[in-house]
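Asks: quick one, what's the 3D model for this:
(one chain, ligands or ions: 1)
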Amino acid sequence: MSTATTNQSVIDRAKKVLLGNYKQQPVAIDRGQGVYVWDVEGRRYLDMICGVATNALGHCHPELVAVAKAQLDKCWHTANGVYNEPQVALAEKLLSLSGLDRAFFCNSGGEANEALIKLARRYQKERGEPERVEFVCFENSFHGRTLATLTATGQPKYQKGFDPLPAGFRHVPYGDVGAVKQAVGRRTAAILVEPVQGEGGVHPAPEGFLRELRRICDDEGALLLIDEIQTGMGRTGKFFGFQWEDIRPDAISMAKALGNGIPVGAMLCREEVGKVMGPGSHGSTFGGNLVACAVATRVVEILSTPSMLETVRENGAYLLAQAQKMKARLGDKVVSVRGKGLLFGCELAQEAGPVLNRCRELGLIVNLAGERTLRMAPAFIATRDQLDEALSIMEQAIRG
Ligand SMILES: Cc1ncc(COP(=O)(O)O)c(C=O)c1O
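Replies: Okay, the predicted model is just below:
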């Protein structure tokens, strides 16, 4: 007689075979639809983190399922030694939305940032400034887990035990224009920045900051690289986070919501910068995979509609306003609520882990951004009732 699959049975098996590198909630998800997921025991949860800002159109969006199935029946993958149309279509769409000129596809955010880093170093060398090898990054930032991207990350906990780290990365306080001016100089290849520090606790850049960075880069001969992995695809209410400021970056990275859960990342750049990456300079076996690109093209079309972006702005403002009322009711248990669009953080006066667990017990899935901040990155299709429900559960969990 076979025994039923339970959360505990999956966890017991996982603990024997998986590396153990994730802090995991004790629940095994079996299926998802819209803003809900169900565990293997059939319990339903309101999913307000959506694969960490990934399933912006919710789980198993019927149109995307249809696109994926049609592409699966046609062709899954070819190497980049030949062309494929879905990759070209995705590039065309992303470039028209970003105002950039060239696209490179990969499979994750970390890889997209690696491409940014390699691009900047090579560009500076090719234009005759080989001493420009350094990156000015920000304290509390997050850029990925590869050796270069974790070195760019401004949180020492991610670097612990992995030294020697690649040389050439320095960190200054986020939002501090004076510190950036001091750090940028003749050795700077590029500034790398997130429009909102997501993993670092959901901290939006101060207004005008990206514009100042653009000015500094122009004055000093450095490139402006923007990490749009968490903020891109409409998450902040503009299709790209940098579009809140009237600037054109030299290159950007994206991933997360690009495939609505199918792994796909991208690096987009200006013509002049991109032309240094000739044949053989960079690559990825799965980059530009047909299934990923076919799905991503439809995702981008849906997420970039003006009405979708307006929904994110309006529902994001609603969520923040309701959260401010919650904060007022909870007094000094909540230090701050903040966010931009549908990227939201609630910083508690104490460690947020136990509250996260209570949320899950009450049927809400969120995650942590730092030790004390509960993060929500809801699907853009979440209704106001669902946002209210999430806050009401969060409030109950914070009360304890
Ligand atoms: C801003 C930012 N950059 C890079 C990454 C790394 O992306 P990935 O986990 O897909 O490698 C993340 C992931 O959380 C991110 O939020």
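Asks: tally of neighbours for whichever residue of the stretch 301-400 of the chain sits closest to the ligand?
Replies: Relative to the ligand, the nearest point of the stretch 301-400 of the chain is residue 369 (9.3 Å; C-beta to the nearest ligand atom). Heads up, the C-betas are built off the backbone N, CA and C, glycines and all. As a burial measure, residue 369 scores 28 neighbours (other C-beta atoms under 10 Å).
Asks: all further residue positions should be reported with the first residue as 39.
Replies: Okay, using 39 as the starting number, the last item reads as residue 407.
Asks: ok, it - contacts?
Replies: Residue 407 is in contact with 236-240, 383, 413, counting by C-beta atoms under 8 Å, 6 or more residues apart in numbering.
Asks: mind checking which of these are in helices?
Replies: Judged by DSSP state H, the subset of the contacts of residue 407 located in helices is empty.
Asks: go back to those residues and keep what's next to the ligand.
Replies: Among these, the residues that sit close to the ligand (C-beta under 6 Å from any ligand atom) are 236-237.
Asks: where does this protein come near the ligand, residue by residue?
Replies: So the chain meets the ligand at 90, 146-148, 151, 180-182, 232, 236-237, 265, 267-268, 293 (C-beta under 6 Å from any ligand atom).
Asks: mind checking how far residue 409 is from residue 343?
Replies: According to C-beta to C-beta, to the nearest Å, residue 409 and residue 343 sit 37 Å apart.
Asks: how many residues are close by the residue of the stretch 89-238 of the chain found nearest the ligand?
Replies: Using C-beta to the nearest ligand atom, the closest approach of the stretch 89-238 of the chain to the ligand is made by residue 147 at 2.2 Å. Residue 147 has 28 neighbouring residues, counting by other C-beta under 10 Å.
Asks: check residue 46 too.
Replies: Quick note: residue 46 (other C-beta under 10 Å) scores 12 neighbours.
Asks: what residues are up against it?
Replies: residue 64.
Asks: let's go with 6 Å and repeat that
Replies: By C-beta atoms under 6 Å, 6 or more residues apart in numbering, the contact set of residue 46 is empty.
Asks: still on that earlier bit, from the residues of the chain next to the ligand, list just the buried residues.
Replies: 90, 146-148, 151, 180-182, 232, 236-237, 265, 267-268, 293 (16 or more other C-beta atoms under 10 Å).
Asks: inside strands: which ones of these?
Replies: In this view, those that belong to strands under DSSP state E are residue 265.
Asks: residue 354 and residue 380 touch, don't they?
Replies: Yes. Look at residue 354 against residue 380 with C-beta atoms under 6 Å: they come within range, at 4.8 Å.
Asks: tell me which of the two has more neighbours.
Replies: Taking other C-beta under 10 Å, residue 354 and residue 380 do not tie; residue 380 has more neighbours (27 against 22).
Asks: residues near the nearest residue to residue 374 once chain neighbours are set aside, how many?
Replies: Distances taken as C-beta to C-beta, 6 or more residues apart in numbering place residue 385 nearest to residue 374, at 4.7 Å, with adjacent residues excluded. Neighbourhood size, residue 385 [other C-beta under 10 Å]: 21.
Asks: how about the one 3 residues further on?
Replies: Burial of residue 388 is recorded as 12 neighbouring residues (other C-beta under 10 Å).
Asks: quick check: closest non-adjacent residue to it.
Replies: Residue 388's closest residue in space is residue 410 (C-beta to C-beta, 6+ apart), at 6.8 Å.
Asks: and the one you found, what does it touch?
Replies: So residue 410 contacts 385-386, 390 (C-beta under 6 Å, 6+ apart).
Asks: among these, which are in strands?
Replies: 385-386.
Asks: can you pull the pLDDT of the residue nearest to residue 388?
Replies: Confidence at residue 410, expressed as pLDDT, is 98.
Asks: same deal with residue 311?
Replies: 98.
Asks: for the helix or strand hosting it, buried residues please.
Replies: Using DSSP states H and E, residue 311 falls within helix 309-312. Under the neighbour-count criterion of 16+ other C-beta under 10 Å, helix 309-312 has 311-312 buried.
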